[in-house]
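below is the structure, and that's it, no one-letter string:
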Ligand code: B3K
Ligand code: ZN
């Protein structure tokens, strides 16, 4: 396998101006004709033209109407190379044959439940026709599609429909024209039996845009929320970023076999689960995901499509930015704090471990073997944190100015992360120091802070020191530019006014319009650095990294008392939650030590009291309470240990949950009773917050061995009137092995077996379970009639779910590792992208004890030595072993 490096980037020798595609879709094969007008980048230089192509059968190739003979080109299983094209502009025409029905890779053109669809990002277009498959080739496309009219009444592609008609033999055709230049990864085609929910959106300049969401006819009633989400996103982008939609039609198509969702120009394609929702069948989390993803794909129209990436190393240019945009969108439509807590948790659970493991890479990677492996939480979520830091430093208005300049400069271009940086800098004339290191240095910075108060001088000092841990290929790191948003609390818990700071030999005023501020942003840029606040009337308690202003690990010298104080008083709600999490982590780690020493586990009464105060604080948002009483995940605790011990961490977390449930029993019961759903399901923050709190309380209660509680939980399950409540109650019951669990799971399956999306949830609930010896249950489920190894979503639900339970995946007898290892190889034959995702579960193997290390390593070695492995799996497995 060949590694591709950012430093080797070269401008293309040829550009493509217009691309006219023509598809004839048959039941065995499809014929693709491509007519491309080619322009040499430098006139008169006739370099060979290399076109990418995989799994294509070349029928003919013509230049300026002359058919090429075999000696004129070179053809292998990855390329078609035209040896000596004419020296000026020319027309290239190819005819190829492809087999969509045999394509199981979920990229290129393939069939999903009877319909044709495409997925071209990152490098799938080369499975459709011979092309320079790279994003800096931007061209104007037309697309003609011809197919049987009764089997494929709906034929869609990008842009506007400009012609259609019937043909002989029961066929019909359409012709689409996309007026915007685009890279080929944004090309899309859909053909099938679909119906649309239609709506319209009037843009800020008064244009009418037709909106259509395409699904099988019986699913139309479940598309209301997706349409709501789309319209909300269109309006939000106008209001917040001044971005108007640019065509008269916007289509979304739902297909069952699809990885996530894709922002193809005016023809977004989504996995069905990200489109369909009804109160009876979808949970609040599903509703939220639909809102976020619909927004995300829509926002790509400007950040990704109008301005795209020069090369795939720049992926975060569009993904980090678009994740940031969809996070903001969801925040504005729901609760900002709760959304921020969710996003930060996600970063800690998924991105931090990646940044500390063998696959650690910068937000802008330096190299890849298979680009698909770099659609990572680092590029997406850490990339979004980088964008958020621009906003934290520049303020909302400065950030908006930077965005406006970015669009003004680069509309219609394929650009780099540095171009984005330059727009932010130039629009604000801001000194960003070494901020660009966030794109090139991998690893989560560790920042230590020590504070001291001088009672005589009324000054308060914060001393920061930072290190960035070594990562593969980057043993030595430079200090980074870390924005620390912070405030100081007085002894009554109020924010103190901040007026000036002594820093770097200078006194800086930090007032705003002559008024003192209560939150400020410190620019920490050196390995060691001190900031001294003046006029601090009493010894303050600092609230640091408010809103999580940088993606770092912060170690402060705050005492437990300070943290309890912040938990109770901080005006920054995010930091109230954070204080509770830090306390919980400390408690869990201390009990892990107890567990390992065979000592009795104990819970600090102050912690129980802190949780109780939160539970009873009626001034707090209910979803915030639900988050604040949820303990950090097991993975997060294991990440903080020298040697990860899944058994100890699981025992401790279960113990604390149970102890809280026991000591706060009545409070939890009250919360369940007070927050039961009444009336119709509504997707709004208040209703969702009530459900979240009630169901979190129910989860705690169900950890107890108590007949009455079991009755209560069963009753919640039976009386539920929406999927959120029903599924939460089922999950609560399923925590413990036993007859009630078996019965409830069987009942749920019987109710919902006709709905594959719900059956997938049912699989996932069981596969992710922590019940002892769960590997055997999951193995049995592989033979369940509803399971299908060739369906990626079922694989993710059942097999992918399994390794999210540390106790079971890391079982000391190696059963979990073997289970996964045995499945990766056959899966790779069907779907390399899915298989490589599964292999990532092994990548943290060095974090465990010797026994586990040997067992996991043996699986990785077995995988790497398999013949005919995909590049996708090879890259992850070999890098994990390195
Ligand atoms: N841009 C797509 C990702 C495609 C993944 C290809 N392996 C979805 C998104 O981030 O919006
Ligand atoms: Zn995206």
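Looks like it came in fine. Keep in mind that what you see is a predicted model, and the values were worked out from it rather than measured. Ligands and ions are numbered 1, 2, ... in the order given.

and the contacts of the helix or strand hosting residue 851?
Under the criterion of DSSP states H and E, residue 851 resides in helix 850-864. Applying CB atoms under 8 Å, 6 or more residues apart in numbering, the contact partners of helix 850-864 are 810, 812, 814, 817-818, 820-821, 824-825, 839, 842, 845-846, 848, 869, 873-874, 877-878, 880-881. Yep, even glycine has a C-beta here, placed from its N, CA and C like the rest.

among these, name the ones in strands.
Members of those lying in strands (criterion: DSSP state E): none.

just the buried ones among the residues you listed, please.
810, 814, 817-818, 820-821, 824-825, 839, 842, 845, 848, 869, 873-874, 877-878, 880-881 (16 or more other CB atoms under 10 Å).

what packs against the longest helix along the chain?
For the chain, the helix reaching the highest residue count under DSSP state H is reported as helix 383-410. Applying 3 or more CB pairs under 8 Å, 6 or more residues apart in numbering; DSSP states H and E, one finds that helix 383-410 makes contact with helix 315-333, helix 417-428, helix 437-440, strand 482-489, strand 520-524.

can you rerun that using 6 Å?
Contacts defined by 3 or more CB pairs under 6 Å, 6 or more residues apart in numbering; DSSP states H and E place helix 383-410 against helix 315-333, helix 417-428, strand 482-489.

tilt between the last one and helix 383-410?
By that I understand strand 482-489. Between strand 482-489 and helix 383-410, the angle comes out at 120 degrees (axes from the mean of the first three to the mean of the last three CA atoms, to 10 degrees).

what does strand 482-489 rub up against?
With contact meaning CB atoms under 6 Å, 6 or more residues apart in numbering, strand 482-489 is reached by 389, 392-393, 495-496, 518-519, 521-522, 524, 540-547, 549-550.

and the next helix-or-strand element following that strand, how far out from the chain middle?
As assigned by DSSP H and E, the chain's next helix or strand after strand 482-489 is strand 500-503. Here the centre of strand 500-503 is set off from its chain's centre by 39 Å, with CA atoms, centre = their mean, to the nearest Å.

now do the buried residues in the next helix or strand after strand 500-503.
Downstream of strand 500-503, the next assigned helix or strand under DSSP H and E is strand 506-509. Within strand 506-509, no residue is scored as buried using 16+ other CB under 10 Å.

how about the contacts made by residue 384?
320, 323, 324.

burial count for residue 752?
Residues within reach of residue 752, counting by other CB atoms under 10 Å, total 19.

and it, what pLDDT?
pLDDT, residue 752: 98.

what's the neighbour count on the closest residue to it other than its chain neighbours?
Nearest non-adjacent residue to residue 752, counting by CB to CB, 6 or more residues apart in numbering: residue 758, 4.0 Å away. Close neighbours of residue 758, defined as other CB under 10 Å, add up to 22.

same question for residue 346.
Look at residue 346: counted by other CB under 10 Å, it has 13 neighbours.

and the host helix or strand of it, what other elements does it pack with?
Per DSSP H and E: residue 346 is located in helix 336-346. When contacts are defined as 3+ CB pairs under 6 Å, 6+ apart, helix 336-346 packs onto helix 315-333, helix 573-596, helix 622-628.

can you tell me the SS state at the residue of the stretch 1-150 of the chain found nearest ligand 1?
Residue nearest to ligand 1 within the stretch 1-150 of the chain (CB to the nearest ligand atom): residue 121, separated by 4.1 Å. Assigned with DSSP: H, G, I helix; E, B strand; the rest coil, residue 121 falls in the coil class.

now check the longest helix of the chain, is it near ligand 2?
No - using CB under 5 Å from the ion, helix 383-410 stays clear of ligand 2, coming no nearer than 10.2 Å.

quick one: mean pLDDT over that helix.
For helix 383-410, mean pLDDT is 98.

all numbers from here: first residue = 52
Done: numbering now begins at 52, and the last item shifts to helix 434-461.

which residues does the next helix or strand after it contact?
Going down the chain from helix 434-461, the next helix or strand is strand 465-466, by DSSP H and E. For strand 465-466, the surrounding residues in contact (CB under 6 Å, 6+ apart) are 186, 187, 359, 361.

which strands border strand 465-466, and is each parallel or antiparallel?
Sheet pairing of strand 465-466 (DSSP bridges) gives strand 359-360 (parallel).

re the thing from before, buried residues in the helix holding residue 397?
Neighbour counts over helix 387-397 (16+ other CB under 10 Å) mark 388, 389, 390, 391, 392, 393, 394, 395, 396 as buried.

pLDDT added to the residues you listed, as TSV?
Output for the buried residues of helix 387-397, formatted as TSV (pLDDT from 0 to 100):
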residue	pLDDT
388	98
389	98
390	98
391	98
392	98
393	98
394	98
395	98
396	98
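
appreciated, that's everything.
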